Structures are given as C-alpha cells and as structure tokens.
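Peer 1: Fold the following and give me the result.
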Amino acid sequence: MPKTNSANKQVHSFRLSRESIYQLKEMTSEMGRSESDVVEIALDRMYREELRFGRLVHDHGKPDDSYAVEKNNEEK
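Peer 2: The predicted structure follows:
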C-alpha cells in the first residue's frame, strides 16, 4: 500500500454510522494516516481475507468463463 497521497485518486463519498466514524478517527490518530488511507488499508485487508477464504473470485474475466460444462461423450 502506498504511504503517500495521490491527487490522481478518484473521490468517493460514504455515509458512516457514528460507531464507524469513531473507529475511523481512532485509527487515523493511532496510525498517523489520513481517513482515506485508513479506509483503503481496511478495504485491502478485508479483500485479501475474502480471497483467502474463497469468498471472492480473483479472476475478473467474464462471469461465463467461471462455469465449466463437461462434454458429453455419447454418440448419437
């Protein structure tokens, strides 16, 4: 994860619960990073964990490519 801010990043807006805002403020203070950096790090960690436990498919190809159909060897 990059440690510097980038002006080339897209801007997004989120609505967070009070609990999430408290956690975000605490993490920014403890980590010495910006709110967007903390969100980016947390999202990256969650994404990697989901991949690790097989709850996400890493391949970003066409959805149809993830399905396999066995060929029928019967002759007509």
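
Peer 1: Quick check: mean pLDDT of the longest helix seen in the chain?
Peer 2: As assigned by DSSP state H, the longest helix anywhere in the chain is helix 35-52. Rounded to a whole number, the mean pLDDT of helix 35-52 is 93.

Peer 1: Who are the packing partners of the lowest-mean-pLDDT helix or strand in the chain?
Peer 2: Least confident helix or strand of the chain, by mean pLDDT, DSSP states H and E, is helix 35-52 with a mean of 93. Helix 35-52 is packed against helix 18-31, with contacts defined by 3 or more Cβ pairs under 8 Å, 6 or more residues apart in numbering; DSSP states H and E. C-betas here are computed from N, CA, C, even on glycine.

Peer 1: Dump the C-alpha coordinates for the helix it packs on into CSV.
Peer 2: Output of helix 18-31 as CSV, limited to C-alpha atoms (Å, rounded to 0.1, in the frame of the first residue of the first chain):
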residue,chain,number,x,y,z
ARG,A,18,-21.4,7.1,14.5
GLU,A,19,-19.5,3.9,15.6
SER,A,20,-17.7,3.7,12.3
ILE,A,21,-16.7,7.4,12.4
TYR,A,22,-15.4,6.9,16.0
GLN,A,23,-13.4,3.9,14.8
LEU,A,24,-12.1,5.8,11.8
LYS,A,25,-11.0,8.7,13.9
GLU,A,26,-9.3,6.5,16.4
MET,A,27,-7.5,4.5,13.6
THR,A,28,-6.3,7.7,11.9
SER,A,29,-4.9,9.0,15.2
GLU,A,30,-3.2,5.8,16.1
MET,A,31,-1.8,5.1,12.6
